[in-house]
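1. what's the 3D shape of this:
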Amino acid sequence: MAVKVYYVSPKGCAEMIASAICAQIGGNTKTEALMPAYMPENTNMMFIGCEGSKADKVTAEFLNSLNPGRVRNAALYSCSPKKDTGAIDEMRSILEGKGINVLASSKAFPGKGFLSDKKPDKADLEDAKKWASECMASVK
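-> Predicted coordinates for the structure are as follows:
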């Protein structure tokens, strides 16, 4: 199955979650920062994450350029204070408007990097791996 894992991560939190997702999925899957990122083509599953309580401009522009021929399914995550889902809600709205299936299990991870210099801890990364497995199982 063709899988892509994208992120925007100025604080490093979303990148750490993306790396945990890739470690769980295995195979040829690699993380890819959204700028610069190659456009996905014929991708069955895309994970995409950002940081903050709003989707940033780069993420929104990238999502607006997609269509179901490029990506069929998406799992969204954000790293934000207090597990705020605002960014996920924005990303979901854009993708569903494009006809791309967004998994209901999209998730907000703790954005510890916004509150201090701490990054996601081991438990957060294990949670991300478990979540990635659940997402993959739901699209097979």
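2. need the pLDDT of S116.
-> S116 is assigned 53 on the pLDDT scale.
3. center of the chain, which residue is that?
-> Nearest to the mean C-alpha position of the chain, by Cα atoms, centre = their mean, lies I48 at 2.3 Å.
4. so what secondary structure elements neighbour the host helix or strand of that one?
-> Assigned by DSSP states H and E, I48 belongs to strand 43-51. When contacts are defined as 3 or more Cβ pairs under 8 Å, 6 or more residues apart in numbering; DSSP states H and E, strand 43-51 packs onto strand 3-7, helix 13-25, helix 57-64, strand 71-80, helix 86-97, helix 122-139. For every residue, glycine as well, the C-beta is placed using N, CA and C.
5. I'd say G99 and R70 touch.
-> No: counting by Cβ atoms under 8 Å, G99 does not reach R70; the two are 10.9 Å apart.
6. more neighbours, these two?
-> Shown here are G99 and R70; by other Cβ atoms under 10 Å, R70 has more neighbours (16 against 11).
7. and that one, backbone torsions?
-> Note on R70: backbone dihedrals following degrees, to the nearest 10 are phi -90, psi -40.
8. for stretch 97-107, how far is the first residue from the last?
-> The first residue of stretch 97-107 is 19 Å away from its last residue (Cα to Cα, to the nearest Å).
9. chain center to stretch 26-44: distance?
-> Remark: stretch 26-44 is offset 11 Å from the chain centroid, using Cα atoms, centre = their mean, to the nearest Å.
10. list every C-alpha atom in it, with coordinates, as CSV.
-> Output in CSV follows, covering the C-alpha atoms of stretch 26-44 (Å, rounded to 0.1, in the frame of the first residue of the first chain):
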residue,chain,number,x,y,z
GLY,A,26,7.9,0.2,8.3
GLY,A,27,8.6,-0.7,4.7
ASN,A,28,9.7,2.2,2.5
THR,A,29,7.7,4.8,4.3
LYS,A,30,9.6,7.9,5.3
THR,A,31,8.7,11.2,6.8
GLU,A,32,8.6,14.3,4.6
ALA,A,33,8.5,17.9,5.7
LEU,A,34,5.8,19.8,3.8
MET,A,35,8.2,22.3,2.4
PRO,A,36,9.6,21.1,0.1
ALA,A,37,7.5,18.0,-0.4
TYR,A,38,6.8,16.0,-3.5
MET,A,39,3.1,15.8,-4.4
PRO,A,40,1.7,12.4,-3.7
GLU,A,41,0.4,10.4,-6.6
ASN,A,42,-1.9,7.4,-6.4
THR,A,43,-1.4,7.2,-2.6
ASN,A,44,-3.8,5.1,-0.7
